[in-house]
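In: Coordinates for the following, if possible.
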Amino acid sequence: ERDATNSISRISRNIGTSKEVANYRLKRLQDNGLITKYFPIINYSNLAYQYYRLLLNLTNFNKDTITSIKKFFRDKDITFRHLLQSTWDIEIILPVKDTMEFLSIYNELMEKYSAYISRKDFSIIGRTYFFNHAYIHGNHEREIAEASTSTSLDETEDKILKEIIKKPRIELTSYWRRRCRSINK
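Out: Numbers count the residues shown, from 1 in each chain. Coordinates of the predicted model:
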């Protein structure tokens, strides 16, 4: 739960079983739908980003509309959740460098999809809380993402972060060795 890049070896060691058993059980959890996705928790506010949360309700839309909106945000490496169990249909978290970047994305979205948007709201997120499954069982620890320092990424670090977002379950050392070899060829 706390590190999706943990190898099967490390997981098996932590739970006191063989690699084969750990691998089988992990696959079974995925096959049964208990684990559906891995994602990194990235504190964008430490990267001198501002978080904007955009909420949308749709009207007169179809599956192609949702697919198109998803692609719009995926192409920009932006988190997109749809068909929420709330009063909103879509939630989009936009980490941006400044207000102008947010307005640029927002205006482009409205230009392309305003005919399908019946209601919208946005807010700036100053602090985000992440609760793990132990919270349900009385352990009220939580991860808090808020600005504590400000760091800027160089081009390589930005690429690494984007790769981790795309494939959070990758084992980093072997992945980057292969990636570096392919880049150098």
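
In: Could you use CA atoms for every contact and neighbour count after this?
Out: Will do.

In: Does anything pack onto the longest helix along the chain? Which helices or strands?
Out: The residue-count maximum for a helix in the chain (DSSP state H) belongs to helix 99-113. On a contact count with 3 or more Cα pairs under 8 Å, 6 or more residues apart in numbering; DSSP states H and E, helix 99-113 meets no helix or strand.

In: how many other residues sit next to the closest residue to residue 140 other than its chain neighbours?
Out: Computed as Cα to Cα, 6 or more residues apart in numbering, the closest residue to residue 140 that is not its neighbour in sequence is residue 134, at 7.6 Å. A total of 11 residues lie near residue 134 under the criterion other Cα atoms under 10 Å.

In: Confirm residue 134 sits in a strand?
Out: No: using DSSP: H, G, I helix; E, B strand; the rest coil, the secondary structure at residue 134 is helix, not a strand.

In: any idea how far it lies from residue 16?
Out: According to Cα to Cα, to the nearest Å, residue 134 and residue 16 sit 20 Å apart.

In: Then residue 82?
Out: Going from residue 82 to residue 16 by Cα to Cα gives 39 Å.

In: Also residue 88?
Out: From residue 88 to residue 16 the distance is 44 Å (Cα to Cα).

In: All set, thanks.
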